[in-house]
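[1] coords please:
(chains A and B)
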Amino acid sequence: SQKIEQNSEALNIQEGKTATLTCNYTNYSPAYLQWYRQDPGRGPVFLLLIRENEKEKRKERLKVTFDTTLKQSLFHITASQPADSATYLCASHNNNDMRFGAGTRLTVKP
Amino acid sequence: DTGVSQDPRHKITKRGQNVTFRCDPISEHNRLYWYRQTLGQGPEFLTYFQNEAQLEKSRLLSDRFSAERPKGSFSTLEIQRTEQGDSAMYLCASSLGGGRRTDTQYFGPGTRLTVL
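    Below is the predicted model:
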């Protein structure tokens, strides 16, 4: 069956370090992947989108990669700050099928 | 505020009662999605509309759930004969999807349902 998985429930890092979150998908080939941020009690907020023909996308301190051979996307936050603490969700869209991973809860400690 | 809005934000009901939620999407968006999210999980797709047409429903969506988008603007999600397992956050999202446009979705704040 088609799956999208984020391989860690929680990630704790020190302020200033780079956070790296992983998203893997199996048994399908999404046309693009998206990353969202979700704070407690709120809806997800769109951050970045990367298409299957793009290797890397950047936005300020954020970077996303898409490796169609490994079937994996990596999401990086450089120079992390306590305000980056949140749950980060990856999502894939293939035809009309939108799937979200379970999310990775990131905590950045001062 | 021109974002996606949902009403109510919180709903507590007794098992067996019917509940209805409303979603107002971003005005120029033609697609509207409903998701359910439980603690520690990502949003789970329920159904979506393109304009007023309901184009897809999840196989997980029981017949107690029904959604409408009568004029292609706001949408309602009704749950009949609620069960305790229906307790979750119900999220609505809208987008300018379709064709070659990538389907970036903009989410509302959600409606948290608690079934006692």
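[2] list the buried ones in the helix or strand of chain B with the lowest mean pLDDT?
    None of the helices or strands of chain B scores lower by mean pLDDT, DSSP states H and E than strand B:53-57, at a mean of 88. Neighbour-count burial for strand B:53-57 flags B:E56 (criterion: 16 or more other CB atoms under 10 Å in any protein chain shown). Any C-beta I mention is one placed from the backbone N, CA and C, and that applies to glycine too.
[3] let me know the pLDDT of B:G99.
    You'll see B:G99 listed with a pLDDT of 61.
[4] picking that back up, partner strands of the very next helix or strand once past the least confident helix or strand of chain B, with direction?
    Once the chain leaves strand B:53-57, the next helix or strand it forms, by DSSP states H and E, is strand B:65-68. Under the criterion DSSP bridges, strand B:65-68 sits next to strand B:75-79 (antiparallel) in its sheet.
[5] quick check: angle from the helix or strand that the partner strand is followed by to strand B:75-79?
    Going down the chain from strand B:75-79, the next helix or strand is strand B:88-95, by DSSP H and E. With axes from the mean of the first three to the mean of the last three CA atoms, to 10 degrees defining the directions, strand B:88-95 sits at 160 degrees from strand B:75-79.
[6] how about strand B:88-95: buried residues?
    Buried residues in strand B:88-95, counting neighbours by 16+ other CB under 10 Å, are found at B:88-95.
[7] against which helices or strands is the least confident helix or strand of chain B packed?
    On a contact count with 3 or more CB pairs under 8 Å, 6 or more residues apart in numbering or on different chains; DSSP states H and E, strand B:53-57 meets strand B:44-50.
[8] pull the residues that contact the strand it packs on.
    For strand B:44-50, contacts defined as CB atoms under 8 Å, 6 or more residues apart in numbering or on different chains pick out A:96-100, B:30-38, B:54-58, B:60-61, B:65, B:67, B:69, B:72, B:75, B:77, B:97-98.
[9] using a markdown table, lay out the buried residues of strand B:88-95 together with distance to chain A.
    Output for the buried residues of strand B:88-95, formatted as a markdown table (distance: CB to the nearest CB, whole Å):
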| residue | distance to chain A |
| --- | --- |
| B:A88 | 13 |
| B:M89 | 8 |
| B:Y90 | 10 |
| B:L91 | 5 |
| B:C92 | 8 |
| B:A93 | 7 |
| B:S94 | 11 |
| B:S95 | 10 |
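[10] if you count neighbours, what's buried in stretch B:6-17?
    B:6, B:11, B:13.
[11] wait, stretch B:18-34
    B:19, B:21, B:23-26, B:29-34.
[12] which of the residues you listed come close to chain A?
    Filtering the buried residues of stretch B:18-34 for proximity to chain A by CB under 8 Å from any CB of the partner chain leaves B:Y33.
[13] alright, calling it a day.
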